[in-house]
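Colleague: Would you be able to build a 3D model of this:
(chains A and B)
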Amino acid sequence: MSEHRKSSRKEGKKDSKEDSKKRKREPIGSIDGPTVGQLTSHIANKQVRAEQYAKLKHKAKKEKGAERRKRQEEVQRAENLGIEGPRRKVPKTIENTREKDVTMIAPEDAEVEADDADDEFASYFNREQAPNVLLTTSYRPSKLMFQFLAEMLEVLPCATFYKRQGIALKKIVKYATAKGFTDVAVFNEDRKQVNGLLLIHLPAGPTAHFRLSSVKLSKDIKGHGRAARMKPELILNHFDTRLGHRLGRMLASLFHQDPSFKSRQVATFHNQRDCIFFRHHRYIFEEKQKGKEGTPQVVAHLQELGPRFTLKLQSLQSGTFNSKEGEFEFKYKSKMHQNRRRFVL
Amino acid sequence: MQNDAVIWQVINHGHCTYKVKTKTQNFCRNEYNVTGLCNRSSCPLANSRYATIREEDGRLYLYIKTIERAHTPKNLWQKIRLKKRYIEALEQIDQHLAYWPKFLVHKNKQRLTKITQYLIRMRRLALKPQPMLVPIAARTEKRDARREAKALTAAKLETSIEQELLNRLKQGTYGDIYNFDQKVYEKVLEAAEEEAIKEGDMAADEYVEGDEDEDEDKEEIQYVNEEDLDFDAEEGDMEDYAGSDEEPGSSAGDEDDSDVEASSSEDDEAGGRGQDRQAQRKRAATAAANGRGSRGAKRRRPLNIEYEMEHDTEKAAPVRQQAAW
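Modeller: Numbering: from 1, shown residues only, chains lettered A, B, ... in the order given. As a prediction, this is how the structure comes out:
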């Protein structure tokens, strides 16, 4: 009985060795090949497995080092000869391995430009209409909401705050349209946290609903500055798909087209992996000398003014707010982000 | 056969299905009980002469039982539909319960008032848009928070903003506000070119600027000077904070509100009934949800964060209210 077990174990060991030999043809631990752990995980005996693991790991390390040295030598040689060296390897990031989106916008796309010319924001971009934002809250705001709104009012000099007073959204939309507002922004608060934003462009939509997270007021930001209520510049980054482009235009139309450059304030909406980061900074350009003899360079320095928060798009509805019969251009589903390389904005 | 004293003896000193005992007093769960209390005078079983009011689908009915019909349980209760107008319903009660014990007449009128009031309240609530609660799975939430943190690191916000501002400076967006040495400009240009060569492969990672910004850039040069002159005028006042003060009569609108609702709810019957059903269904749904939650509590309770979402169940709003805001 015991002999039999022994022999079978021996066989198993042999097999495992053969197995690992077979698989070893690819460089161990390379990006595409199996990892050392994967190569050894089938070995049941822990001691044998650990031994094998250590051996393979050591070998992989050696191979990697040799490869690196070889590469460095090549680069050095190329530099000495003054020719172009081998191409540098590009690390894989989520951004450059992003799943292809057919609606990605190429620069100067005629179709997109034509669409932009007659969408809801055209009158803003043609300078026919200045932004005029009605800012309000959910039904029962707390102190925290007012602190947040006070800061938002400094970011958006074109905004006016109205108390909600239990008034239904549709009535607010009607009122704001009649009063000549171009946008309604409703911040939602739940459990003493500002956690949502409903943005309605007037008079004909669209309506965007965001979840709002990671709110930080300026007083909580280390080394923050004090914002002046002047028109900030606007930076919109990475709004690349059709949906993103539309959203970018929507966000842009909250700000004045002719910023006050003297106040040196800049508001940023930066989209990264479908999270839209909002930041508010004051900047300054400075000449900076690099080293003792180098010529000076112009650099930009930033000071954060706050608030900062992150927006995640939940839905985009054409037309103004209508939760019953509204037509959705986009609606978030939790399955949408199961694949971490698929993004919509 | 029918002996009230015997029945009450059994109920009071023995057992009654409908009796609910509490520390301070006993309650009665019988649907026909007019007060809800367990005592001799308001017990629907131990009184051979009894009257109560019940609500069915938003309509009120007066139920009367008499000793003459005690031998046929099928016909025991006489059901009389009450008028929708409160005053007329009161008159009906007076008429049907003439020469009845004062206690029953009084309690029935009290019950009529109570039910009428809660019906009005139900109808008003059904008309008012209510925020909808959306459940959020704790796991997805955690995942999203993690991804957000990673996206923030990948964004390199400060660097990308600084770079964009330098680009704008280079393009001449800021006109003649800044006068840096020409050499410095060239240095910046060179550095940018070098970087471009270096990161040639990383091009996919570089951000593409929205069209609107470029539009801004081209045209901004012209009005920089104007801007310098009049930006003080553009500045907002603290008055903007108190924007609501400008709306007169908003509280008056609220008072109007209740009147309008009261009359309308009595007028349209069908609508009211429909809404009641809807409300009931909603209540049932929430009750079911709660039940599920408590059962699940024994296992591991999933942390469901709920957040409010605007959701209107709105009908055509009364014109007077619109004018008020």
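Colleague: May I ask which helix or strand encompasses the residue in the stretch 101-250 of chain A that chain B sits nearest to?
Modeller: With CB to the nearest CB, the shortest gap between the stretch 101-250 of chain A and chain B falls at residue A:163, namely 3.9 Å. Glycine gets a C-beta too; all of them are placed from N, C-alpha and C. Using DSSP states H and E, residue A:163 is not contained in any helix or strand.
Colleague: does any part of stretch A:319-337 sit near chain B?
Modeller: Yes - Stretch A:319-337 lies within reach of chain B by CB under 8 Å from any CB of the partner chain, at A:321-324, A:334, A:337.
Colleague: export the residues you listed to CSV and tack on neighbour count?
Modeller: Converted to CSV, the residues of stretch A:319-337 next to chain B look like this (neighbours: other CB atoms under 10 Å in any protein chain shown):
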residue, neighbour count
A:321, 21
A:322, 17
A:323, 19
A:324, 8
A:334, 13
A:337, 18
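Colleague: can you put those in TSV and add secondary structure?
Modeller: Conversion of the residues of stretch A:319-337 next to chain B to TSV gives the following (DSSP: H, G, I helix; E, B strand; the rest coil):
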residue	secondary structure
A:321	coil
A:322	coil
A:323	coil
A:324	coil
A:334	helix
A:337	helix
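Colleague: Could you point out which residue ranges in the chain have low pLDDT?
Modeller: Chain wasn't specified; assuming chain A. Along chain A, segments meeting pLDDT under 70 span A:1-32.
Colleague: my question was about chain B
Modeller: In chain B (pLDDT under 70), the answer is B:1, B:181-189, B:195-325.
Colleague: Going along the chain, name the strands of it.
Modeller: B:19-21, B:26-28, B:50-56, B:59-65, B:77-81, B:132-136, B:305-309 (DSSP state E).
Colleague: could those go into a markdown table alongside distance to residue B:8?
Modeller: Below are the strands of chain B laid out as a markdown table (distance: least, CB to CB, whole Å):
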| stretch | distance to residue B:8 |
| --- | --- |
| strand B:19-21 | 12 |
| strand B:26-28 | 12 |
| strand B:50-56 | 13 |
| strand B:59-65 | 16 |
| strand B:77-81 | 20 |
| strand B:132-136 | 47 |
| strand B:305-309 | 49 |
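Colleague: among these, which is nearest residue A:233?
Modeller: Of all the strands of chain B, strand B:305-309 sits nearest to residue A:233, with 32.3 Å by CB to CB.
Colleague: returning to that earlier point: what's the local residue count around the residue of the stretch 101-250 of chain A closest to chain B?
Modeller: 15 (other CB atoms under 10 Å in any protein chain shown).
Colleague: By residue count, what's the longest strand in chain A?
Modeller: Longest strand in chain A, counting by DSSP E: strand A:275-289.
Colleague: Quick check: buried residues in the very next helix or strand once past that strand?
Modeller: Downstream of strand A:275-289, the first helix or strand assigned by DSSP H and E is strand A:296-304. For strand A:296-304, the neighbour count (16 or more other CB atoms under 10 Å in any protein chain shown) marks A:297-298, A:300, A:302, A:304 as buried.
Colleague: mind putting the residues you listed in CSV, distance to chain B included?
Modeller: Shown next, in CSV, are these (distance: CB to the nearest CB, whole Å):
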residue, distance to chain B
A:297, 5
A:298, 5
A:300, 4
A:302, 6
A:304, 9
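Colleague: re the thing from before, paired strands for the longest strand of chain A, with orientation please.
Modeller: Sheet pairing of strand A:275-289 (DSSP bridges) gives strand A:265-272 (antiparallel), strand A:296-304 (antiparallel), strand A:308-318 (antiparallel).
Colleague: now for the next helix or strand after the longest one, which elements pack on it?
Modeller: Taking DSSP H and E as the definition, the helix or strand that follows strand A:308-318 towards the C-terminus is strand A:327-331. Contact here means 3 or more CB pairs under 8 Å, 6 or more residues apart in numbering or on different chains; DSSP states H and E; on that basis strand A:327-331 packs against helix A:242-252, strand A:308-318.
Colleague: right, so the ones you listed: which one is the most enclosed?
Modeller: Highest mean neighbour count among the helices and strands packed on strand A:327-331 (mean count of other CB atoms under 10 Å in any protein chain shown): helix A:242-252, with a mean of 23.
Colleague: re the thing from before, tabulate the helices and strands packed on strand A:327-331 in TSV, adding columns for distance to residue A:188.
Modeller: Putting the helices and strands packed on strand A:327-331 into TSV (distance: least, CB to CB, whole Å) gives the following:
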stretch	distance to residue A:188
helix A:242-252	18
strand A:308-318	11
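Colleague: Would you map the helices across the stretch 1-150 of chain B?
Modeller: B:4-13, B:86-96, B:102-127, B:138-155 (DSSP state H, counting those that start in this stretch).
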